[in-house]
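Asker: Sequence and predicted model, in that order:
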Number of protein chains: 2
Amino acid sequence: MKGIILSLARRRKSIRRYKNKAFSVEKILYAIRAAIEAPSGANQQPWRFIIVDDPQIKIRIREICEKGEKEFYAKVSGELKEWLIKRGFTWKKPFLTEAPYLIVVLTNMTKLYAVESTWLSIGYLLLALEEEGLASLTYTPPNPKDVMTLLGVPSNFELQAIIPVGLPAEDKQKESRKGLHEVVYHNVWGSKMNIASTTSP
Amino acid sequence: MKGIILSLARRRKSIRRYKNKAFSVEKILYAIRAAIEAPSGANQQPWRFIIVDDPQIKIRIREICEKGEKEFYAKVSGELKEWLIKRGFTWKKPFLTEAPYLIVVLTNMTKLYAVESTWLSIGYLLLALEEEGLASLTYTPPNPKDVMTLLGVPSNFELQAIIPVGLPAEDKQKESRKGLHEVVYHNVWGSKMNIASTTSP
């Protein structure tokens, strides 16, 4: 199984439009089974996952998030605003109702390294979804507490991401990545590794 | 390649003792190649990786971390103290010099969702290391700034983890995980999914 993680990692890209095409929830559960194998601070497993497939709840989540997004877009500025415009992003978040499933990921903030552990598990989750042939997005709403209120989440938890999952309805290129030599140092900060001589698998 | 992510995720466990057995740095680079394919806030790729294989620098890192750990262990209390004692953990961190490589993971705190994105990429990294047959640990020192000073890391970065990588020199059971039904809800908080009827692959 040589090189599979790298090939899944390279294939996986963030998708914002989804086909309205049903599939078995078992594929979602498969990915969560992988996610909960992640290490966590003192093995506290701070993560919780709400699988949302109820169309009415998805509509409410979308309404709440788009309200927050409108406020966010009204005040965003600088480099981030330019980046958003260049990509054609707006306050509209159709993927929240288009995708057959949303995985709402929460973490128990009273646990050690709760945020870190939960995002590490999201790494496992995304690769498992990709393996199942499913597209995803780690969407972070500007007003997570409003979504938590809708879903009845206790206040010691925080919403980390809403992950729409489905078949892609857009054909986009994966955003480019920096070269390895730009992000890897050898022994101390700023000291380059000899990477040129190695070839990627 | 059905079920590979889950099987790697299940196989991978945190390892604290390593064999002093050299291997090609290309295996480390393979895993980082996967890690940098992770999504990040506004594709800012806030992560940086310092691969440490210089024995003198590993010794210094260990000295610095163990100094911080001694202070931590002197004041730790309650449930966490019990958990640490039960597992036989002490201030000693031999893996920082035993492992052939340390991957020091840093994130640029001026970037959007820097911590979240970087830990997601660590999820990719751990699975890729596991695929390469390499054990790892996401070690978080109590005094990360002292390690950053040693390595010359700019102050807009924060150290997220020091990940020793090598062949395991301990035979331990993976820490158990909660059942899927304990961490997954359906549509709203507290509503159980019907998971009993599904079987894990």
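Answerer: It's in. None of the values given here were measured: they were computed from a predicted structure.

Asker: C-alpha from now on. contacts and neighbour counts both.
Answerer: Noted.

Asker: which stretches of chain A aren't confidently modelled?
Answerer: A:1, A:196-201 (pLDDT under 70).

Asker: in it, which spans are helices?
Answerer: Taking DSSP state H as the criterion, chain A carries its helices at A:4-11, A:25-35, A:55-75, A:78-86, A:95-98, A:114-131, A:144-151, A:180-183.

Asker: Show me which strand runs longest in chain A.
Answerer: strand A:157-166 (DSSP state E).

Asker: Next, format the helices of chain A as TSV and append distance to chain B.
Answerer: Shown next, in TSV, are these (distance: least, Cα to the nearest Cα, whole Å):
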stretch	distance to chain B
helix A:4-11	5
helix A:25-35	5
helix A:55-75	7
helix A:78-86	8
helix A:95-98	13
helix A:114-131	4
helix A:144-151	5
helix A:180-183	5
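
Asker: among those, which is nearest A:P168?
Answerer: Ranking those by distance to A:P168, with Cα to Cα as the measure, places helix A:95-98 first at 10.1 Å.

Asker: ok, and does the longest strand of chain A reach over to chain B?
Answerer: No - in terms of Cα under 8 Å from any Cα of the partner chain, no part of strand A:157-166 sits within range of chain B; the closest distance is 8.7 Å.

Asker: Which secondary structure elements does that strand sit against?
Answerer: In terms of contacts (3 or more Cα pairs under 8 Å, 6 or more residues apart in numbering or on different chains; DSSP states H and E), strand A:157-166 is packed against strand A:101-108, helix A:114-131, strand A:135-136, helix A:144-151.

Asker: one more time with 7 Å
Answerer: Taking 3 or more Cα pairs under 7 Å, 6 or more residues apart in numbering or on different chains; DSSP states H and E as contact, the helices and strands that strand A:157-166 lies on are strand A:101-108, strand A:135-136.

Asker: circling back: and among the helices of chain A, the most buried is which?
Answerer: Sort the helices of chain A by mean neighbour count, taking mean count of other Cα atoms under 10 Å in any protein chain shown, and helix A:114-131 sits at the top with a mean of 27.

Asker: about what we covered before: among the helices and strands packed on strand A:157-166, which comes closest to B:R87?
Answerer: Once Cα to Cα is applied to the helices and strands packed on strand A:157-166, the stretch that comes out nearest is strand A:101-108, at 22.9 Å.

Asker: Tell me which residues touch A:V115, please.
Answerer: Under the criterion of Cα atoms under 7 Å, 6 or more residues apart in numbering or on different chains, the contact partners of A:V115 comprise A:T107.

Asker: run the last query once more with 8 Å
Answerer: For A:V115, the contact set (Cα atoms under 8 Å, 6 or more residues apart in numbering or on different chains) comprises A:107, A:109, A:160, B:116.

Asker: which of those residues lies closest to B:D146?
Answerer: For B:D146, the nearest member of these is B:E116. The distance, counting by Cα to Cα, is 22.5 Å.

Asker: what residue is smack in the middle of chain A?
Answerer: Centroid-nearest residue in chain A, with Cα atoms, centre = their mean: A:T138, separated by 1.9 Å.

Asker: Specify the beta-bridge partners of the closest residue to it other than its chain neighbours.
Answerer: Setting aside the residues directly before and after it, A:T138 is nearest to A:I163 in space (Cα to Cα, 6 or more residues apart in numbering or on different chains), at 5.1 Å. Here A:I163 shows beta-bridge partners A:I103, assigned using DSSP bridges.

Asker: ok, A:I163 to chain B distance?
Answerer: Remark: distance between A:I163 and chain B (Cα to the nearest Cα, to the nearest Å) = 13 Å.

Asker: Surely that residue and A:V104 touch.
Answerer: Yes - counting by Cα atoms under 8 Å, A:I163 touches A:V104, with 6.2 Å between them.

Asker: coming back round to it: and the helices and strands packed on strand A:157-166 as CSV, adding mean neighbour count?
Answerer: Rendered in CSV, the data for those read as follows (neighbours: other Cα atoms under 10 Å in any protein chain shown):
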stretch, mean neighbour count
strand A:101-108, 24
strand A:135-136, 28
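
Asker: can you list those in a markdown table and add distance to B:A9?
Answerer: Putting those into a markdown table (distance: least, Cα to Cα, whole Å) gives the following:
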| stretch | distance to B:A9 |
| --- | --- |
| strand A:101-108 | 19 |
| strand A:135-136 | 19 |
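
Asker: between those strands, which one is nearest to A:L80?
Answerer: A:L80 lies closest, by Cα to Cα, to one member of those: strand A:135-136, at 22.1 Å.

Asker: picking up where we left off before, just the residues contacting the longest strand of chain A, thanks.
Answerer: Under the criterion Cα under 8 Å, 6+ apart, residues A:18-19, A:21, A:95-96, A:99-110, A:115, A:119, A:129, A:134-141, A:144-145, A:148 lie in contact with strand A:157-166.

Asker: Report the contact partners of the spatially closest residue to A:T97 that is not a sequence neighbour.
Answerer: The spatial neighbour of A:T97 that comes closest, neighbours along the chain excluded (Cα to Cα, 6+ apart), is A:K58 at 5.3 Å. Contacts for A:K58 were tallied using Cα under 8 Å, 6+ apart; they are A:52, A:96-97, A:102.

Asker: Give me the contacts around stretch A:5-19.
Answerer: Contacting residues not belonging to stretch A:5-19 are listed as A:93-95, A:98-99, A:126-127, A:130-131, A:135-138, A:165-170, A:174-175, B:30-31, B:33-35, B:37-39, B:124, B:127-128, B:131 [Cα under 8 Å, 6+ apart].
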